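In: this is a predicted model, with the sequence first.
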Amino acid sequence: MGFFQKDPEIWDKSDNAGPVTEADLAVDKMLSAALCLERPEYGWLSEETEDGVERLHKEKVFIVDPIDGTRAFIAGTEHWSHSLAVAKAGQVQAAAVYLPVLDMMFCASLGAGAYLNGAPISVSLRAETQGADILSAKSNFDPEFWPGGFPDLKRSFRSSLAYRLCLVANGAFDGMLTLRPTWEWDVAAGSLIVNEAGGLATDQTGAAPLFNSAAAQLNGMVASNRDIHSGLMAGLT
């Protein structure tokens, strides 16, 4: 927050990977120092740390996005988050997504439910896929992605993928989807929070995501309650 709305220094990443600010780097440095000190046996995967092969040989790994929604951070709006997860043998065990401006802390641990600021949360009860309110970039609604037929969804948007998943988990929206190669650090924490809130988070083929891969990417992500997830998969496959 010391950098927020204070004209932080900004750089453009290579390969059109988007912007990074001095705040992203400062948060990454702080988190890696604190967390790796406490769990030196864990691997480390972060958007803002140069990747290496060491993490692939670790049973447990931190998967971190220091600031998810950097463009929103740069714009001075509130919808950016810190996303932190611990994965064991490819499955997320614990997760936290925090929005500092809004003071919203989403968290979950495997088998123990999902929470917002300490209160239990659950996904939307909507059963109909037609007309469901889905958080997504506009491009994901192109007919080319829907060989089974587009289910006439309503589209909404938030900058942070982690926050989108949390908004599905607390029932504020019916689902979210991203139909492109998706970095693990964007969705690791949020996917567990959705699942522990009674929903289902998969890749765009319906497969359960596995984390700490060599590429550090998933084949997109689709998250919602189980009824709507079935309807979305019918259109996508």
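Out: Now that the structure is in, tell me what you want to look at.

In: got the domain boundaries for this structure?
Out: 10-120, 133-236 (automatic domain parsing).

In: how are the strands of the chain distributed by residue range?
Out: Residue ranges of the strands in the chain, as given by DSSP state E, are 10-12, 19-21, 43-46, 60-68, 81-88, 91-99, 104-109, 114-116, 119-120, 133-135, 154-156, 175-183, 200-202, 217-224.

In: adding mean pLDDT, write the ones you listed out as JSON lines.
Out: Conversion of those to JSON lines gives the following (pLDDT from 0 to 100):
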{"stretch": "strand 10-12", "mean pLDDT": "93"}
{"stretch": "strand 19-21", "mean pLDDT": "95"}
{"stretch": "strand 43-46", "mean pLDDT": "98"}
{"stretch": "strand 60-68", "mean pLDDT": "98"}
{"stretch": "strand 81-88", "mean pLDDT": "98"}
{"stretch": "strand 91-99", "mean pLDDT": "98"}
{"stretch": "strand 104-109", "mean pLDDT": "98"}
{"stretch": "strand 114-116", "mean pLDDT": "98"}
{"stretch": "strand 119-120", "mean pLDDT": "98"}
{"stretch": "strand 133-135", "mean pLDDT": "98"}
{"stretch": "strand 154-156", "mean pLDDT": "98"}
{"stretch": "strand 175-183", "mean pLDDT": "97"}
{"stretch": "strand 200-202", "mean pLDDT": "98"}
{"stretch": "strand 217-224", "mean pLDDT": "98"}
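
In: would you convert these into a markdown table that also reports distance to Val27 and mean neighbour count?
Out: (Glycine included, C-beta is placed from N, CA and C.) As requested, the strands of the chain are exported to a markdown table (distance: least, CB to CB, whole Å; neighbours: other CB atoms under 10 Å):
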| stretch | distance to Val27 | mean neighbour count |
| --- | --- | --- |
| strand 10-12 | 15 | 11 |
| strand 19-21 | 10 | 18 |
| strand 43-46 | 10 | 22 |
| strand 60-68 | 4 | 26 |
| strand 81-88 | 7 | 25 |
| strand 91-99 | 11 | 21 |
| strand 104-109 | 16 | 22 |
| strand 114-116 | 21 | 20 |
| strand 119-120 | 26 | 9 |
| strand 133-135 | 24 | 23 |
| strand 154-156 | 27 | 13 |
| strand 175-183 | 16 | 21 |
| strand 200-202 | 24 | 23 |
| strand 217-224 | 22 | 23 |
